[in-house]
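Chemist: Quick one, what's the 3D model for this:
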Amino acid sequence: MFLIDFGEPRVEIGEARPGSTGIKRTVPYAQRRYASASGRWTLCIELCEWSLDVDGWLLAHSESTRATIVRALQILQGQAISSLAIEPASGATVIAFDLGATLRTKATEPDAHQGESDDEPVTQWWLACADGRHLSVRDDATYSITPGNLTDEDADWIPLPS
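Modeler: Presented below is the predicted three-dimensional model:
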């Protein structure tokens, strides 16, 4: 699973408070301030096979090492989504970016979902939109658009149009 933020950046800065330094043989606590930057939209890729390439050259896939995945995903920094295509029969998705990167997803083999029932569909990816809604696509070729506080179980799942 990984998350990618897109769109106009938002910065959140918290109040200063004491926090552990985590460094042995030094002051155990120091004043810290939480700060983070995020985009208006967040894409989450989960419970699916995926691959990322640039101009046909494979950079990483769902079975790559963590270090390779981190380096490959950095290629997406500053890129904009130029197109998104979903295969209606399977939910496989191709997301193209403006600087040549392509992210592809597809359903995993049924036994690859550790602890998941083979009969239960799983969400391959979801997009948190700026207005708080989530667009989700499952491996049974259905999708939902819901308020962000709804769970998958509470969502109305609609077959992808063919």
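Chemist: and the spatially closest residue to residue 86 that is not a sequence neighbour, what are its bridge partners?
Modeler: Excluding its sequence neighbours, the residue lying closest to residue 86 (CB to CB, 6 or more residues apart in numbering) is residue 93, at 5.0 Å. Yep, even glycine has a C-beta here, placed from its N, CA and C like the rest. Beta-bridge partners recorded for residue 93 (DSSP bridges): residue 86, residue 105.
Chemist: Residue 93 contacts residue 102, doesn't it?
Modeler: No - in this structure, residue 93 is not within contact of residue 102 by CB atoms under 8 Å, at 10.7 Å.
Chemist: the domain parsing of the chain - what is it?
Modeler: 4-38, 39-159 (automatic domain parsing).
Chemist: For the first one, measure first residue to last.
Modeler: In domain 4-38, first residue to last residue: 9 Å (CA to CA, to the nearest Å).
Chemist: And for stretch 60-76?
Modeler: Between the opening and closing residues of stretch 60-76 there is a gap of 12 Å (CA to CA).
Chemist: chain center to that stretch, what's the gap?
Modeler: With CA atoms, centre = their mean, to the nearest Å as the basis, stretch 60-76 stands 13 Å off its chain's centre.
Chemist: residue ranges of the strands in this protein, please?
Modeler: Taking DSSP state E, the strands of the chain run over residues 2-6, 10-20, 29-38, 41-45, 49-54, 57-61, 81-86, 93-97, 101-106, 123-128, 133-138, 142-147, 158-159.
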